[in-house]
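> Next comes the sequence, and after it the predicted model I'd like to discuss.
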Amino acid sequence: MKKLFITLAIASVAFISGCEKDEYQETVGVCPLVVSTVPIDKAVNVPLSQIITATFNEKMDPETITEASFLLKQGETSITGNVTYSGLTASLEPSVFLAPFTLYTGRVKTLAKDLMRNSLQTDYVWTFTTIPEVVLSSLPIAGGTTSGAGTFNQGSLVTVVATPNPGYSFANWTENGTAVSTNPSYQFTMAGNKALVANFTLQYVVNLLSNPVLGGTTSGSGSFNAGSNVTVTAFPNAEYNFVNWTEGTTIASTNAIYTFQLNASRTLVANYVLKTYTLNVTATNGTAVKNPSQLSYNSGTIVELTATPNTGYNFTSWSGDATGFINPLSVTMNANKNITANFAINTYTLNVTANNGTVVRNPNQATYNSGTTVQLTATPNAGYTFTSWSGDATGITNPLTVTMNANKNITANFTLNTYTLSVIANNGAVVRNPNQATYNSGTTVELTATPNAGYTFTSWSGDATGSSNPLTVTMNANKSIVANFTLNTYTLNVTANNGTVVRNPNQATYNGGTTVQLTATPNAGYTFTSWSGDATGSTNPLTVTMNADKNITANFTLNVYTLNVIANNGTVVKNPNQATYDSGTTVQLTATPNAGYTFTSWSGDATGSTNPLTVTMNANKNITANFTLNTYTLNVIANNGTVLRNPDQPTYDNGTTVQLTAIPNVGYTFVSWSGDATGSTNPLTVTMNADKNITANFVINVYTLNVTATNGSVLKNPDQPTYNGGTTVQLTATPNSGYAFISWSGDATGSTNPLTVTMNADKNITANFAMTGPLAIDLTCAAPYAVMAGSTITSTGPSIINGDVALSPGSALVGFPPGVINGTQQITTPIAAAAKLCLTTAYIDGQGRSLNAISLPGQLGGLTLAPGLYSNSSTSGISGTGANGILTLDAQGNSNAVWIFQIGSTLTTDPATSIVLAGGAQAANIFWIVGTSATLGTTSVFYGNILADQSITLNTGAVLNGRALTRIAAVSLDASTITKP
């Protein structure tokens, strides 16, 4: 409100007294005023990308709203930007982001005028403060990552998080070297810019193993901070003793509890050894074998004891430090042991079996000691015979002597007397029941005689008589019996009407089983059809087996025939037209062709071309009437092309469809058919119903050629609106000043210039040009050097210089080694002095360039710059993170493109920032002309030739693909790399 009153007061005074006189005539009225700004006066937490605006009380003259009348400063440093005016508002968009947590002063000067040319009466000034920023880094870089960086309002709570990489642990957060938190998740209130470092500590791993694995266990493995004291402990299992700790082949300690300082990852092995015991075994009347057989045994070893009794003894039990009667016995060695194997003498039983007889034992006892001999005498019952011993004795010796060396079961075997029965049966068979090879005495056998077909059983002879059938025979001796059979006879009567039958053999009677062949022969005009009576079927000749009196008739029928006529592409009329015809019937066949066909001949059971045809029916007949299709020729003409015919034949049957495909020669197009075909259908289908002449018509192609050229021109030769197919056109690209021809695109590729184009289609071709930038700075005799300094060249840590170095007039080359120079050294030599003069000439050349100079902003991060001359009278460099920490130099395909950067004061890049080359850009063609000193941030990546008046410094891990050339000061490296392009 106070500001509003002041504004109204000023306006009133201006209205009463009139505005200040300028170069135009004085105008009475309200003077222009700034009524509002963005940001407002004393604003805080202003975004770094803020566009600064000032709004007036009236429309202003846009020509007076310029960088001279609308200013933004950081202290005494002016902030460059783009000033625009629209409506009542002037806007200033800074060229680079504003610095965080920084006080800025905005000023609208009295140079600003309204449309009546009235000026602001006084400069309008206001201030604001930008939002603070949190910047995070890791130490060491490989130790871990951080999150939470960015800009935050003052007074807001901010949380940053540190995440250690594998092999590291989080130590603390530090700010300016002072620890502020040991919590990886650190929360604080935003009061201003913060640069926090997450510190990580390297860790080592202790791995523990047991040898053998069953020997014991360990404790104390894990990950520990480098340099910490670690204690590991070995715990032997009950049957083992601890020996020592080893690492590889080296003994680390003989104490089960081992404490050491951890300076590297270690793998320790706890070694154990088994306890040992003795085993004493006693065996009387036998032996006991130990497996394995050793003087002593490791604890837990299993020993197998096998007891073997002497002859006549048996193992009974174990005693001492073992019990039971298991044999073999498994003994687990867990103490010294004394074990006895006990044996007893053997006794055996003798069991004797005798069916159909008896056996006497001498001596006759219930049991026998091992080795006792016993005599066995076998006596058969009446009607039986002793044959052998079986079971635990064999053979036929009687009496038998048995030595008792085991329990024995012996059987005396006796057999009953048996008889054979032989039966003979000719012309028949005899079945025996039961049917056996031999029969026990007194067995009854039933014999049943069965005659063969045509025979009859008549009587028994041999050891049996009579004609009883079946016959019962009692077996009281070996017997031979014959069954007698006689043959049957039969008559055969044959009848045959309309034919004859021949019998073979032809007899009055036939013995039973005789086969007779009957052959039926029909009279003329007849066919044998079947047999009837005592025979059936139509087999001829017929074989009859005489097994009874038979009456057989041969049957005959009159012959009839069929006439089958085939007529494709026509018809045939039969006269008479019947399904069948009696033998000898005559039939007239008349063939009639279909339209477009001609009758040519008969085939099948008729030949020739007689029409009508008379056929005599003396067999079944198949006759075909043959017709042929009419054929036509097809003549095709094709100039400036070809025509494919499918099918491609000299002639075509009537109705055949032919596909014609017209193919133009290169540079021609098919347009139509003429002659016996019209239209432009392609392929064309033609139906052959007459001889035909057809022409395929072609016309030459014409094409357009459209050429586009931006930043240059293209000459066409010949230059025509259209071109016949096959015409060659030469295109010559000419770049505008400051550009170079790069390539062709569209319907042409490559960079050939002039370019020859063959017109075989409509074409759109673009000639591509790229900015060449200024002429490169000629380093002349300074060109061979990667590093050149006036006072000293120093290295901290393992820096690498890939290229020659020169030092003049100073001579201090410090830190090499451990630094490495992969090139020659010119230290205070005439050559170095001459190179210094060449550098001075090049530096002056770079400073003096001004043609087509482009304003260079102070912050280059996030920009993409084309080739050219860029100038900043103050400082410039690369800051920011992510994409905002990358400067891209795009050659746009021109590998000869040149960049020259004129920096009036210092060149500085932040840690981890970088330059990216694109479009064929080359480090050798980039020149940084620095008014004072250049500093490349930690782990930053930089391209180009730095020509500095003062010092050049590469911080830890910085990489320069280019040259570091200073006229009068030092070049300093810290584990950095410089590679001359």
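Done, it's in.
> so where do the helices sit in the protein?
2-17, 830-848 (DSSP state H).
> If you average pLDDT over each of these, which is lowest?
Among the helices of the chain, helix 2-17 carries the lowest mean pLDDT, at a mean of 37.
> Would you point out the helix or strand in the protein whose mean pLDDT is lowest?
The helix or strand of the chain with the lowest confidence, counting by mean pLDDT, DSSP states H and E, is helix 2-17 at a mean of 37.
> contacting residues around the closest residue to Ser147 other than its chain neighbours?
The shortest distance from Ser147 to any non-neighbouring residue, by CB to CB, 6 or more residues apart in numbering, is to Val161 (5.0 Å). Any C-beta I mention is one placed from the backbone N, CA and C, and that applies to glycine too. Listed by CB atoms under 8 Å, 6 or more residues apart in numbering, the contact set of Val161 reads 146-148, 184-186.
> repeat that with 7 Å
146-148, 184-185 (CB atoms under 7 Å, 6 or more residues apart in numbering).
> Which strand residues bridge the nearest residue to Pro32 once chain neighbours are set aside?
Residue nearest to Pro32 in three dimensions, not counting chain neighbours: Asp114, with 4.3 Å by CB to CB, 6+ apart. Here Asp114 sits in beta bridges with Met60, going by DSSP bridges.
> One more: the one 5 residues further on?
On DSSP bridges, the residues paired with Ser119 through beta bridges are Lys113.
> Now do it against Thr110, distance only.
Remark: distance between Ser119 and Thr110 (CB to CB, to the nearest Å) = 5 Å.
> ok so, going back, show only the entries of the contacts of Val161 found in strands.
146-147, 185 (DSSP state E).
> Next, count neighbours for Gly750.
As a burial measure, Gly750 scores 9 neighbours (other CB atoms under 10 Å).
> go on, the one 10 residues further on?
Using other CB under 10 Å, Asn760 has 14 neighbouring residues.
> Show me what the longest strand that the chain contains is packed against.
Counting residues, the longest strand found in the chain (DSSP E) is strand 194-211. Applying 3 or more CB pairs under 7 Å, 6 or more residues apart in numbering; DSSP states H and E, we find strand 194-211 packed against strand 133-139, strand 144-147, strand 157-164, strand 168-175, strand 216-219, strand 222-225, strand 229-236, strand 266-274.
> what's the closest of those to Thr875?
strand 133-139 (19.0 Å; CB to CB).
> So for that closest one, mean pLDDT?
92.
> For that strand, which residues meet the burial criterion?
133-138 (16 or more other CB atoms under 10 Å).
> Columns distance to Ala783 on top of the helices and strands packed on strand 194-211, output as CSV?
Shown next, in CSV, are these (distance: least, CB to CB, whole Å):
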stretch, distance to Ala783
strand 133-139, 37
strand 144-147, 42
strand 157-164, 46
strand 168-175, 44
strand 216-219, 65
strand 222-225, 51
strand 229-236, 57
strand 266-274, 53
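> between those strands, which one is nearest to Val573?
strand 144-147 (105.0 Å).
> what does the closest one contact?
Here strand 144-147 has contacts from 136, 138, 160-165, 168, 170, 198, 200, using CB under 7 Å, 6+ apart.
> before we move on, what about stretch 682-693?
Outside stretch 682-693, the residues touching it (CB under 7 Å, 6+ apart) are 632-635, 652, 654-662, 670, 673, 675-677.
> Lovely, talk soon.
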